[in-house]
Structure formats: structure tokens, C-alpha cells
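Sequence first, predicted model second:
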Amino acid sequence: MVGHGLGICGIGAVSGYGWGREPLWDGLVSGKPAATTASGLAKEPGETVWAARVPPGGAQQDGPSRFARAMHAAAREAIQDAGDRGWRPGRRVGLLHAVVLGEVDLWRDFYMTRGSRLSVHEYLALMPSTPMSTLMQEYGFHGPAMNVSAMCASGNAGLITAKGWLDAGIVDDVVFVATDLSLTLENVLHFVELGVAVTDTDPLDACRPFQQGSRGFVMGEASVAFVLSTRAARPYLHMLGGAMSHDAYHVTSIDPQLAHITDCFHDALANANVPASAVRYLNAHGPGTQQCDHAEAAVLDHLFPGDTNVYSVKPLTAHCQGAASAIEIAVTALAYDRGVIPAPPAVAPAHPRLLSGLTPIDDGITVKSSLGMGGHNSVVVLAPPA
């Protein structure tokens, strides 16, 4: 029934918890959110907001920005991790980089602060191709290199694209990175004005996916990298298949009929050759907004049997925007590896199948859903290693 698919054999991460895969895991199992009170992201001078910003760090030679440094650090850690787990790159290693808002800090600094007085070297740092090119040069990779973008669903989109490359024989392996370090005053304020982001209270109070009283999500940042291969000796997990669709309904709202979201789940399970009855966990998009939580709860109740549990780690990681589904896939991969799901603690009456707190993980299949602004629907099917 269930076969082996694409293996995640290396993981790297930069998040609000710090630089590295272990700070991410340690933060998650602590049950404490990555978000802290941050300055410079509110209208009033001196006012602070809750946000999970990536702290300073990284190597200066990787570029002039937090974005480039985080991207390189996550990719480097994933490649090192994969090598330690027995992976050896094939002849054609491709690179996929999920980006929604890239180099926000540099664009803001160069054009809002300094005008257009840039050197050629500074201008090239703004190009989305530059960090990809320098990473390919560092490792001598010669497969295809491409950006992918599907808003909050970009992580799932990248995995599905990578599997397509591998299934078609275009590459032997893929390094996939999702990077979003876009927390600026302008971006935070507009998400608050859209009515989905919350900045004035602790994340566990503000963001309550599948619980009563949720107000939305706290905004976060991350860069997360995977080495993906069908030749993985010791994979964290296998991606068995997936699907994407589009509501074609509204630039922010979900189609209330839920037909295309539901079809996306059905298509992903069919693509992976997995029946709904085999799914043990739904790692939900779960941003704590009314429309998204309603949509995923409806799918859970309609499609999956009573022993399928749901969780969302956004109260802990925050909503990492274009890197959201990637960091949440990393959580599932590390959970399989370490035997426990670091679900956030429930703080209010909740869906009866919502996990709360550290939960031992069964060797069951996880479905990871991600819903991107504008109508992007995506689902991937993940299985523990044999």
C-alpha cells in the first residue's frame, strides 16, 4: 500500500529560536514560543510588539543581509547533516529556493534610506539569483536552480517540485531552502490591519489553533533547508506524494465551499497511494485565524477517521510566512527522529483531537497541509522511515 518516496536526509534551520537545528528543537520541546517583544516594528517610537525575529548571526562572507546569511547557514547545516547521515551527492544536484519577500532589509535600506545610490556589487545583492549562485558555487552543484513561490504554501510547493524533478530524472538530489526574513514595520502593520496578525500579547494567548478565543497569529521569520534524495541511507522521513490547487476565489479569503481545499487533500492521498484511514496525524497550517482553522477542522472531521489527531506549531514558531510550511515539515521530520511531537500546550477548550504538549509519536503517516494567501492550497503526505 505505502511505498518509499522522496527522503529528507538532512535538515538545517535558522529561526526565532536561534541559528541551528538544535536550538529549534530545544525551543519547541520547551513549550515556550520563539517570539519575544521586539522594537522597531510598531508605529510609535519605543513601542514593542510580539514577533519571532531571527536574531543576529551568520557568516559575514555569506552576504550583507540577514536573509542571505540565514539562507546559506540553513543550507550548509542541512548538507553537513545529510553527509553525516551517509548521503553522497549525485552528479546533478538541483537547488530550489522558496522565496516570497526576499532581501526585504536590503531593499528597504537601499531605496528608502539611501535612495538609489548603489554600487553594482550592492545592486547584485538584491537579486534573488545571487544567494543561489553563490551556494551552487560553494558546493560545485550543477543541476537546475530555481525559485518557487506560493505564499505561505511555498514549503509544500518546493517539496512537490523537488519530487517532480526526481521522478522525471532531471536531478539526482535536491537541496531545498525556504527563507523568509521579512519582518519590517510595513509588513507587520499591514498584516495587523488585515486582521490576521496579533502583536499585543503572548503568542500562546493570541494564537490558539483549533481552540476557542484565537485571534490570529504572531509573525515570525525562518530559513529552513532540506537535502532531498531517493538514495537516502538514513532519512528522517519519506515524502510519499502531494498535491496543490487554487481556489480562484479571492486575494485573501478562502472559498467557503471548501471544495478545492478538500479536493487537494483527496488528490494528495491519491498521489501518494495512501488511504485516509492510514493517516495518523494532520500537521495543519493552523494559523489560528477563524477561516483557516474552520477549513482544516472541516476537512479533518469529514475526511479522516476518529484516530487522526491534529496539531499546529505556529503558537511556538510563529507564522514564518514563506518559510512556514518548511519549518513545520522540519518539526515532523525531527519528531519522527526523536520520538515525540512538540505540540503547543492547549490553553482553551479545543477540538477533541487536538494534541496538547509533548506527545509520543506513533509510526503513522502525517499529512501536512498549508494554505497560502490568494488561494494556494497544498498538501504533502509524509511517512516515517522504514
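Noted; the coordinates are in hand.

contact partners of the helix or strand of the chain with the lowest mean pLDDT?
One helix or strand of the chain scores below all others by mean pLDDT, DSSP states H and E: helix 120-125, with a mean of 85. Outside helix 120-125, the residues that touch it by CB atoms under 8 Å, 6 or more residues apart in numbering are 63-65, 68, 103, 106, 110, 130. In this view, the C-beta of every residue, glycine as well, is placed from N, C-alpha and C.

Following element in sequence after that helix, please.
Sequence-wise, the next helix or strand downstream of helix 120-125 (DSSP states H and E) is helix 129-139.

What are the neighbouring residues in contact with C207?
Counting by CB under 8 Å, 6+ apart, C207 has contacts 198, 214-218, 287-288, 314-315, 318-319.

which residue sits closest to it, ignoring its sequence neighbours?
Leaving out its chain neighbours, the residue that sits closest to C207 by CB to CB, 6 or more residues apart in numbering is G288, at 3.9 Å.

Cross-check the contact I'm expecting between that neighbour and G213.
No. Applying CB atoms under 8 Å, one finds G288 not in contact with G213, separated by 9.7 Å.

Comparing those two, which shows the higher neighbour count?
G288 (25 against 11; other CB atoms under 10 Å).

Sticking with that one, tell me its helix or strand.
If you go by DSSP H and E, G288 is not part of any helix or strand.

Start the count at 36 instead of 1 going forward.
Sure thing, new numbering starts at 36, so read that last one as G323.

Spell out the residue ranges of the strands in the stretch 86-235 of the chain.
128-134, 180-183, 208-215 (DSSP state E, counting those that start in this stretch).

Let's have the ones you listed in JSON lines, adding mean pLDDT, mean neighbour count and distance to N318.
JSON lines is the format used below for the strands of the stretch 86-235 of the chain (pLDDT from 0 to 100; neighbours: other CB atoms under 10 Å; distance: least, CB to CB, whole Å):
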{"stretch": "strand 128-134", "mean pLDDT": "97", "mean neighbour count": "25", "distance to N318": "17"}
{"stretch": "strand 180-183", "mean pLDDT": "96", "mean neighbour count": "17", "distance to N318": "20"}
{"stretch": "strand 208-215", "mean pLDDT": "98", "mean neighbour count": "29", "distance to N318": "15"}
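
Format these as a markdown table; extra columns: distance to P90.
Formatted as a markdown table, the strands of the stretch 86-235 of the chain follow (distance: least, CB to CB, whole Å):
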| stretch | distance to P90 |
| --- | --- |
| strand 128-134 | 21 |
| strand 180-183 | 25 |
| strand 208-215 | 15 |
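
Regarding stretch 211-219, how distant is the last residue from the first?
25 Å (CA to CA, to the nearest Å).

now do stretch 378-389
One end of stretch 378-389 to the other measures 9 Å (CA to CA).

If you count neighbours, what's buried in it?
Residues of stretch 378-389 classed as buried: 378-379, 381-382, 385-386, 388-389 (neighbour count, 16 or more other CB atoms under 10 Å).

Ok, stretch 247-259 next?
Residues 249-259 are the ones in stretch 247-259 that count as buried (16+ other CB under 10 Å).

mind listing the helices in the stretch 286-421 of the chain by residue range?
Taking DSSP state H, counting those that start in this stretch, the helices of the stretch 286-421 of the chain run over residues 294-307, 325-338, 349-352, 359-373.

which one of the ones you listed is the most hemmed in?
Neighbour counts (mean count of other CB atoms under 10 Å) averaged over each of the helices of the stretch 286-421 of the chain peak at helix 349-352, with a mean of 31.

and it, average pLDDT?
Mean pLDDT, computed over helix 349-352, is 98.

G40 is in contact with L275, correct?
Yes. Between L275 and G40 there is a contact under CB under 8 Å: 4.3 Å.

Give me the common contacts of these two.
What both L275 and G40 touch, as defined by CB under 8 Å, 6+ apart, is the set 307, 418.

Helices of the stretch 86-235 of the chain, start to end?
Ranges of helices in the stretch 86-235 of the chain, per DSSP H, counting those that start in this stretch, are 101-119, 139-142, 155-160, 164-174, 189-203, 220-228.
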